[in-house]
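Q: Here's my sequence, what's the structure:
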Amino acid sequence: MDTAAAVADALLCVCPRCLRLSSRRIGPRRYCPSCWNRTREVRIGRNAKGSQPRLQLHTVGLVVTRDGAAQREHVADVAGALEAMMILAKSAAGPVAFGRPGVEP
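A: Below is the predicted model:
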């Protein structure tokens, strides 16, 4: 197995939000059970105790370079840029590079 394939296999076991290893995935097969529950709390506007959740979700824009072509991608309902990069890296079929919008890679 080459290095890129080994890294891709290792990424499948990492939750993109908390970066913990977890073999169990919930929702769109993206998050560990704990992060999925926090996302659900944000969507309904309250946690189990009835108060406002501390987690805030955003839409993050990134410049993604695939096969030599740079394109802008937006990832919705993420806690930050690192989570957005992890999600895009997990779905990539080949090498991928990231940058900030407005900055040419």
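Q: Strands of this structure, start to end?
A: 58-66, 69-78, 96-99 (DSSP state E).
Q: If I take the first one and strand 69-78, what angle do their directions form?
A: Comparing the axes of strand 58-66 and strand 69-78 via axes from the mean of the first three to the mean of the last three Cα atoms, to 10 degrees yields an angle of 160 degrees.
Q: So for strand 58-66, what gets flagged as buried?
A: By neighbour count on 16 or more other Cβ atoms under 10 Å, the buried set for strand 58-66 is Val60, Leu62, Val63, Val64. Bear in mind the C-beta positions are built from the backbone N, C-alpha and C, glycine included.
Q: ok, now which ones touch the first one?
A: With contacts defined as Cβ atoms under 8 Å, 6 or more residues apart in numbering, the neighbours of Val60 are His74, Val75, Val78, Gly80, Ala81, Glu83, Ala84.
Q: now the fourth one: how far from Thr3?
A: Going back to what we said before, that points to Gly80. Distance, Gly80 to Thr3, by Cβ to Cβ, to the nearest Å: 27 Å.
Q: Check the third one too.
A: When distances are taken as Cβ to Cβ, Val78 and Thr3 turn out to be 27 Å apart.
Q: higher neighbour count, these two?
A: Val78 (20 against 7; other Cβ atoms under 10 Å).
Q: Tell me which residues touch that one, please.
A: Val78 neighbours (Cβ under 8 Å, 6+ apart): Pro16, Arg17, Leu57, His58, Thr59, Val60, Ala84, Ile87.
Q: hmm, back to that, for the strands of the chain, which one sits closest to Arg38?
A: strand 69-78 (11.4 Å; Cβ to Cβ).
Q: on that earlier part again, which one, of the strands of the chain, ends up nearest to Arg46?
A: Per Cβ to Cβ, nearest to Arg46 of the strands of the chain: strand 69-78, 17.2 Å.
Q: What ranges in the protein fall below the confidence cut-off?
A: 1, 4, 101-105 (pLDDT under 70).
Q: Helices along that one, start to end?
A: Secondary structure of the chain (DSSP state H): helices located at 3-11, 33-44, 81-91.
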